[in-house]
Structure formats: C-alpha cells, structure tokens
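*Asks:* Quick one: sequence and predicted model below, then my questions.
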Amino acid sequence: MLSTRALEGAPNWIDLAAPDLDGALAFYGALFGWHFRPLGPDAGGYGFLQLDGRTVAGAMPTGAGRELPGWTVYFRTEDAETTAETAERAHGTVLSAPGDVMGLGRMAGLADSAGAVFRVWQPGEVEGLDAASEPGALCWVELHTPDVAAGAAFYHRVLGLETSATAFPDGMYTCVGPPGAGEDAMFGGVVRSADDPADTGAGAYWLPYFAVTDPDALAARTRQRGGTVLLPPTTVPGVGRMGRLTDPYGARFAVIRGEPPQG
C-alpha cells in the first residue's frame, strides 16, 4: 500500500478542486473528520486538509482558469521539467508548465496518452503528505483507462513505474509501483475502463482510495450528504471491503477497509 516514504514515481500528494469549496469541506469533514487549513491570501483559496494536525490532501475552489471539479493525484519527481518533456514525447499533454509553488516545490500538470489527468511534484519545502494508508488518508490509486498495456507503458516511460499481475477469482489485476522497490511498495493498479460499468462516460482518470474502518457506514453518510454511491461496498477476498463514490459535485473517489496481512 501507499506510504509516506520519498520514493521516486510514487504518489506524494493529492488535491481536490471543488466549485463550492465550503460545501465540499463540509461533506468530506463529515465523512473523514478532515479540517481545512487555508494557506493565506496569496494561495488563491488553496489549503491543506488535515486529520489530527497532519496533512492528508489539499483543496481549492475551481474557477479562475482551473480544471473541472475532481481529485488529482500527484507523483514524485526529482525533475519536473524532464518529466514533462518525457510525457510529451510519450504522446501525453502538458496542461500546465513546470513552475514554482510558493517555495514549497515545483509542479507540472499533465495528461497521459489516453487523457487521464495527473500532476508531478518536485519537492521543495514540502516533501508530500504527512499520512498514508491509515483511516482517513490516501492508501491506493487506480488508473482507469481504455488500454491497460498502453497505460502501463506510458507511466513506465514517464515515471519509471513497474507493473505486476495479481490473480483474483474474477481475473487478473495489474498492480503498479515505483521502480526497483518490490511488491511491498506497490501503491496502485491499472484497470480497463470498458470492463467497469461505473466508468461509463468517465473517460480515463486516476481514482484515489481512502482507508476507512467502515465502508458501509461511510457510503450511507455519502448518500445522506448529497453524494452518490457508484458501486456499493463489496468484499473482495484477499483485498478487503471497498466502495466507489462521488461527492455532491461529481468528484470520484473510493474507500476501502483492507484485510489484515495473512501469516
């Protein structure tokens, strides 16, 4: 699962863009207990989502040329410029050129060859998230794309990510992780969007998973707070119990209670 270790190519940040930031903060606060810490007038409304004083995500309002509402996953890089150039050579798109972010680091906004949006973060003052793979924090990311092999090849070329196949009762799952880090450092997966009924019309995208203790209760709170349950919580043997959701503004995310390691 995901960790806060500084591994090249691994997710090290995530943030939410919302058309109604106050409404989104109330929604996620009720689900996960997050509190918002704004970064001040120079940050354009951006702030940190925190749990027990530790940052688990960022959040900002849409508008002023920002992208559509949703969650965006960031991957660690030592050189944002080189990564952006490599993404273009791999038939991706540079959505926002690499640039400094208030001295905290350097960021570039990119889309892969199928159109899935992501960002890269070159650490400066901020290395990344303070918590991962614990209740209320990011624990897994999943690329939904039309072509698993092409998606895996793109991220291998751009970020050096490596894949491995894992067998489940209903088929094979492609896991992805940082270069040379081994199976224990796998932080995500790649799935074919055409095989997932919840992906109809969604295009290619990265889906964040947040760890929770009770996926069923969280799905119920999602409905109560105006969100949508795309896929009700389901138990996957050997993995855990998970559900797929959206917030009231259409941002997709998933929750999971993982099974404890065997042996």
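*Replies:* Arrived safely, thanks for sending. This one's a predicted model, so the numbers in the text were calculated from it and none came from an experiment.

*Asks:* Check whether Ala80 really touches Gln122, as I assumed.
*Replies:* Yes: using C-beta atoms under 8 Å, Ala80 makes contact with Gln122 at a distance of 4.3 Å. All C-beta spots, glycine's among them, are computed from the backbone N, C-alpha and C.

*Asks:* Between those two, which contacts overlap?
*Replies:* Pro98, Arg106, Met107 (C-beta atoms under 8 Å, 6 or more residues apart in numbering).

*Asks:* residue contacts, the residue nearest to the second one when sequence neighbours are not counted?
*Replies:* Right, the one you point to is Arg106. Closest residue in space to Arg106, ignoring its immediate chain neighbours: Gln122 at 4.0 Å, by C-beta to C-beta, 6 or more residues apart in numbering. Shown in contact with Gln122 (C-beta under 8 Å, 6+ apart): Arg76, Thr77, Glu78, Asp79, Ala80, Pro98, Gly105, Arg106, Met107.

*Asks:* just the residues you listed now: which is nearest Val212?
*Replies:* Arg76 (24.8 Å; C-beta to C-beta).

*Asks:* after the helix or strand of the chain with the lowest mean pLDDT comes which helix or strand?
*Replies:* Least confident helix or strand of the chain, by mean pLDDT, DSSP states H and E, is strand 162-168 with a mean of 88. Next helix or strand after strand 162-168 toward the C-terminus (DSSP states H and E): strand 171-177.

*Asks:* between that next one and strand 162-168, how big is the angle?
*Replies:* Following axes from the mean of the first three to the mean of the last three C-alpha atoms, to 10 degrees, one obtains 150 degrees for the angle between strand 171-177 and strand 162-168.

*Asks:* Quickly run through the sheet partners of strand 171-177, with directions.
*Replies:* Applying DSSP bridges, strand 171-177 is found paired with strand 162-168 (antiparallel), strand 188-192 (antiparallel).

*Asks:* quick one: contacts for the nearest residue to Val120 once chain neighbours are set aside?
*Replies:* Leaving aside its sequence neighbours, Val120 sits nearest to Thr77 (C-beta to C-beta, 6+ apart; 4.5 Å). Applying C-beta under 8 Å, 6+ apart, we find Thr77 in contact with Glu8, Gly9, Thr83, Val120, Trp121, Gln122, Leu159.

*Asks:* and what of Thr246?
*Replies:* Gly227, Thr228, Leu230, Arg252, Phe253.

*Asks:* Take those and write them to a markdown table, including pLDDT and neighbour count.
*Replies:* As requested, the contacts of Thr246 are exported to a markdown table (pLDDT from 0 to 100; neighbours: other C-beta atoms under 10 Å):
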| residue | pLDDT | neighbour count |
| --- | --- | --- |
| Gly227 | 98 | 22 |
| Thr228 | 97 | 14 |
| Leu230 | 96 | 19 |
| Arg252 | 97 | 20 |
| Phe253 | 98 | 23 |
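
*Asks:* where exactly do the helices run in this protein?
*Replies:* 21-32, 80-89, 148-159, 215-224 (DSSP state H).

*Asks:* For Pro169, see how far away Pro237 is.
*Replies:* 7 Å (C-beta to C-beta, to the nearest Å).

*Asks:* Likewise for Gly33?
*Replies:* 34 Å.

*Asks:* So for the two, which sits in the more crowded spot?
*Replies:* Gly33 (13 against 7; other C-beta atoms under 10 Å).

*Asks:* Is that one in contact with Leu49, as I believe?
*Replies:* No: the pair Gly33 / Leu49 is not scored as a contact, 10.2 Å apart, by C-beta under 8 Å.

*Asks:* Just the closest of the contacts of Thr246 to Ala59, please.
*Replies:* Distances from Ala59 to the contacts of Thr246, taken by C-beta to C-beta, are shortest for Phe253, at 12.7 Å.

*Asks:* nearest residue to that closest one other than its sequence neighbours?
*Replies:* Nearest to Phe253 is Pro208, by C-beta to C-beta, 6+ apart, at 5.3 Å.
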